[in-house]
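Engineer: Here's my sequence, what's the structure:
(chains A and B)
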Protein chains: 2
Amino acid sequence: MIARLTAFFALIALPVFADVPVKEVTSPGGLKAWLVEAQEIPFVALELRFKGGATLDPSGKEGAVTLMTGLLEEGTGDLDSQGFAAARDDLAASFSFNPSREIVGVSARFLTDNQDKAIDLLRRALVEPSFPAEAVERVRMQILSNLTAEERDPGAVAAKLFNEITFEGHVYARPSEGTHDSVKALTVEDLKAAHKAALTRENVIIAATGDITAEALGVLLDKLLSGLPEKGGALPGPAEVHLSGQVVTEEFPGPQAVILFGQEGIKIDDPDFFPAFIASEILGGGRFGTRLMTEVREKRGLTYGIGAGFSSLDQAELLTGQVQTANATVKDTIEVIRAEWARLPDISEDELEATKRYLTGSYPLRWDGNANIARALVGLQLQGWPIDYPSKRNGYIEAVTLAQVQAAAKAHFRAKDLSFIIVGRPVGLEQE
Amino acid sequence: MIARLTAFFALIALPVFADVPVKEVTSPGGLKAWLVEAQEIPFVALELRFKGGATLDPSGKEGAVTLMTGLLEEGTGDLDSQGFAAARDDLAASFSFNPSREIVGVSARFLTDNQDKAIDLLRRALVEPSFPAEAVERVRMQILSNLTAEERDPGAVAAKLFNEITFEGHVYARPSEGTHDSVKALTVEDLKAAHKAALTRENVIIAATGDITAEALGVLLDKLLSGLPEKGGALPGPAEVHLSGQVVTEEFPGPQAVILFGQEGIKIDDPDFFPAFIASEILGGGRFGTRLMTEVREKRGLTYGIGAGFSSLDQAELLTGQVQTANATVKDTIEVIRAEWARLPDISEDELEATKRYLTGSYPLRWDGNANIARALVGLQLQGWPIDYPSKRNGYIEAVTLAQVQAAAKAHFRAKDLSFIIVGRPVGLEQE
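Structural biologist: Just a heads-up that it's a prediction; the model follows:
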């Protein structure tokens, strides 16, 4: 019965991506991209990810990459921010620029028909930003205002503390947006240096979906990116994950506490990766019926929602989760989470099959539309998956056996290393 | 030059929807739906809109339809909310239920391969909800908690007051979620009555996109909806729009005031509709370069963002806008908005052409993916557009002349009727 089920789901899931093949494109100038051609609507969704991000900020210049990215659409050549926006709207294009800890992300959507003009406008923003003084001060004020808001948000305070503890001594421990002092001190020279360090041809990852051929995409990518330097700042080295069972509390007013919890994760090329991933879905997939949701929310009413799962940074692997609960129930909540970690290996065949059905069945729904496909493809490249991953992924899930998932749960969910970072006023909790 | 531009954009915009034709489907049982077949991914996005919504609440039972809709996924037959969620996840389906003033919206996504099971599960939620006492109390508490939160949110307070003033004497003036008193008093019998009144075959509007044929969709819709009553509550009659230049203030603490402004709108079958729509985009499209954004934000720094536009209810047409500003600058902001209303007819050929290019160029980008297409199609039906609207819409925009848009701006943007509802502590503003 199990074998038949497996074959059945493999049948429905695999043809999907055989119909929507991913091509690797190499531009005349040597840039690589993943492409899915889709002619239904005459537009292209383009996703760029520049590796490095805020980790490239020099010491004392924290926040430089974030501020620089916030200024890319705010002035280039003779265009100020309004002129740029008017030119973009005139082409019916949309661009967005998203800085984060180890990435600068750029998303663009433009009509096939005027793609040369749209790419030239995007090129001006990416390659020739002018950092006008008025815009620098305006965006700097927005970032300072965000920093103030984050100081009042227990979730943001917890995330900051979690990074500081987990990655102590590594650049991952620093705040991507910088500090009040570092952001106030940033000069236009710092922004120009951040631009040179962070937007480089060697560190860009590219995906595109829509009404464009491989050849046209190659030409367009060279036009867009040939003005950027080949090499930039040095990417950070491996990060050690300093999570070894600590329980750390930061005092914060309010009736609820935010709890982040985590331990070291697993690399995607580990033979246990898929079994461990399925185990994480059984434990903390964030849906009704997962172990944490059942035990913490349904049976005990300690929270509205709870989830946990693996995530990958370029230089570290994590398994993290998040929950909010009343200060009086922090202790109970932590005990339940630890107990679930410990009993995870006791997985039944039914639990495994139900989780496989959900994971394989819901996968196709992620690929709905050019923008979603391009985002998914650039994400897979960042994580280091090969180009045939979309067509093979459901097969990898199906192939996992009960013994494998039980063994992976035992090996990789280590209750003794599970650390808790609490922001609030937990009651009855002693530092352990 | 203008004529050539027009032809050029008509050429690029029209083939899009010739390639993705919308079909009208009639089920064996007589239900009508709009369908776009798309086989790329083996799933279907289905959108239902039941007309009536909260307007069907009997007097004193305000909030019944909202609470009823919130309970559709919380129990049916032998399934409680967790059992329902587990069954849904097992099929990798996703459902959502969204009550509002004059609509109950249902969105579903499910795999073609297990569509019969997914539709049967959705049918159980829609047709056979059991309203278990535990779930009724839980969802009731959530709604009461929302009501409390809205009392503290100046935007929500302003919206409520705007509806009360605009639609005085009509059911549109009532709060969709009810009041603390009405929600507390709702019984299971009230919910059953709301279910009978609001979910009916005569008032449902349907669109689907994805990997399904017209024939299969018809069969599936009959399975889904044949258990619902044909007729339900009486829909409301025409609503008069009582906006005639009032300036109304409701005291609210805080440094910023929320201002909602509006006047009566225009029907989609009015010969002036497209010219007036283009005029509204020039005035308040919410982008950089629109009149309100330029004058209120860019030139005077009175706000972070401002926009205005037409909207349609089933029984009324509105032209509304929204802005937040410091209490000290409410008076200036209102004066600028009134002045922009008055000078709108002074539109240049360049302004018209730039707006046409944006409107026609950005239209295809809305149709990206099954879920977006199905939502767009059900929205068009609700507004009363014919099935060929997607392929003709850009042509309607292109055909508008400068004289038409100037005349429509003069006729339909009436500064003397423009009313302002202010929630905050505006300075120097007298009731006019």
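Engineer: what about the strands in the stretch 151-300 of chain A?
Structural biologist: For the stretch 151-300 of chain A, the strands defined by DSSP state E, counting those that start in this stretch cover A:204-210, A:247-251, A:256-264.
Engineer: Is it possible to get CSV of those that adds distance to chain B?
Structural biologist: For the C-beta atoms, the positions are set from N, CA and C on the backbone; glycine is no exception. Shown next, in CSV, are the strands of the stretch 151-300 of chain A (distance: least, CB to the nearest CB, whole Å):
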stretch, distance to chain B
strand A:204-210, 9
strand A:247-251, 26
strand A:256-264, 14
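Engineer: can you redo those as JSON lines with mean neighbour count and mean pLDDT?
Structural biologist: Below are the strands of the stretch 151-300 of chain A laid out as JSON lines (neighbours: other CB atoms under 10 Å in any protein chain shown; pLDDT from 0 to 100):
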{"stretch": "strand A:204-210", "mean neighbour count": "25", "mean pLDDT": "97"}
{"stretch": "strand A:247-251", "mean neighbour count": "16", "mean pLDDT": "97"}
{"stretch": "strand A:256-264", "mean neighbour count": "22", "mean pLDDT": "97"}
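Engineer: Reformat those strands as a markdown table; add distance to residue A:286.
Structural biologist: Output for the strands of the stretch 151-300 of chain A, formatted as a markdown table (distance: least, CB to CB, whole Å):
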| stretch | distance to residue A:286 |
| --- | --- |
| strand A:204-210 | 26 |
| strand A:247-251 | 23 |
| strand A:256-264 | 14 |
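Engineer: quick one: buried residues of stretch A:156-175?
Structural biologist: For stretch A:156-175, a neighbour-count test (16 or more other CB atoms under 10 Å in any protein chain shown) marks A:156-167, A:170-175 as buried.
Engineer: mind checking the longest strand of chain A?
Structural biologist: Criterion DSSP state E: the longest strand present in chain A is strand A:316-326.
Engineer: Report whether it contacts chain B.
Structural biologist: No. Strand A:316-326 is not in contact with chain B by CB under 8 Å from any CB of the partner chain; minimum separation 14.9 Å.
Engineer: Off-centre distance for that strand?
Structural biologist: The chain centre lies 15 Å from the centre of strand A:316-326; the measure is CA atoms, centre = their mean, to the nearest Å.
Engineer: what are the pairing partners of that strand, and which direction each?
Structural biologist: Using DSSP bridges, the strands paired with strand A:316-326 are strand A:256-264 (antiparallel), strand A:306-313 (antiparallel).
Engineer: Give the rounded mean pLDDT of that strand.
Structural biologist: Strand A:316-326 shows a mean pLDDT of 97.
Engineer: Send over that strand as PDB, restricted to the C-alpha atoms.
Structural biologist: Presented in PDB, the C-alpha positions along strand A:316-326 are these (Å, rounded to 0.1, in the frame of the first residue of the first chain):
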ATOM      1  CA  ALA A 316      26.000  28.300   8.600                       C
ATOM      2  CA  GLU A 317      23.000  25.900   9.000                       C
ATOM      3  CA  LEU A 318      20.200  26.500  11.500                       C
ATOM      4  CA  LEU A 319      17.100  24.800  12.900                       C
ATOM      5  CA  THR A 320      15.000  27.500  14.500                       C
ATOM      6  CA  GLY A 321      11.500  28.100  15.800                       C
ATOM      7  CA  GLN A 322       9.400  30.900  17.300                       C
ATOM      8  CA  VAL A 323       6.500  31.200  19.700                       C
ATOM      9  CA  GLN A 324       4.800  33.900  21.800                       C
ATOM     10  CA  THR A 325       3.200  33.100  25.100                       C
ATOM     11  CA  ALA A 326       2.100  34.800  28.300                       C
END
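Engineer: Buried ones in it, by neighbour count?
Structural biologist: So for strand A:316-326, counting by 16+ other CB under 10 Å, buried means A:316-326.
Engineer: Equivalent analysis for stretch A:376-393, please.
Structural biologist: Those would be A:376-378, A:380-382, A:385, A:389-391, A:393, for stretch A:376-393 by 16+ other CB under 10 Å.
Engineer: So which of those are in helices?
Structural biologist: A:376-378, A:380-382, A:389-391, A:393 (DSSP state H).
Engineer: Tabulate these (a markdown table), appending pLDDT.
Structural biologist: Below are these laid out as a markdown table (pLDDT from 0 to 100):
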| residue | pLDDT |
| --- | --- |
| A:376 | 95 |
| A:377 | 96 |
| A:378 | 97 |
| A:380 | 95 |
| A:381 | 96 |
| A:382 | 95 |
| A:389 | 93 |
| A:390 | 92 |
| A:391 | 89 |
| A:393 | 93 |
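Engineer: Can you tell me which of the residues you listed comes closest to residue B:198?
Structural biologist: Among those, residue A:376 lies closest to residue B:198 (CB to CB), at 37.4 Å.
Engineer: Tell me the spacing between the closest residue to the closest one other than its chain neighbours and residue B:75.
Structural biologist: Spatial nearest neighbour of residue A:376, excluding adjacent residues (CB to CB, 6 or more residues apart in numbering or on different chains): residue A:366 at 5.9 Å. Distance from residue A:366 to residue B:75, counting by CB to CB, to the nearest Å: 29 Å.
Engineer: okay, these two: which has more neighbours?
Structural biologist: residue B:75 (24 against 12; other CB atoms under 10 Å in any protein chain shown).
Engineer: Is the more buried one bridged to anything, and to what?
Structural biologist: Going by DSSP bridges, residue B:75 forms beta bridges with residue B:80.
Engineer: Based on its surroundings, how many neighbours for residue A:337?
Structural biologist: The burial count for residue A:337: 26, using other CB under 10 Å.
Engineer: Does it lie in a helix or a strand, and which?
Structural biologist: Using DSSP states H and E, residue A:337 falls within helix A:330-343.
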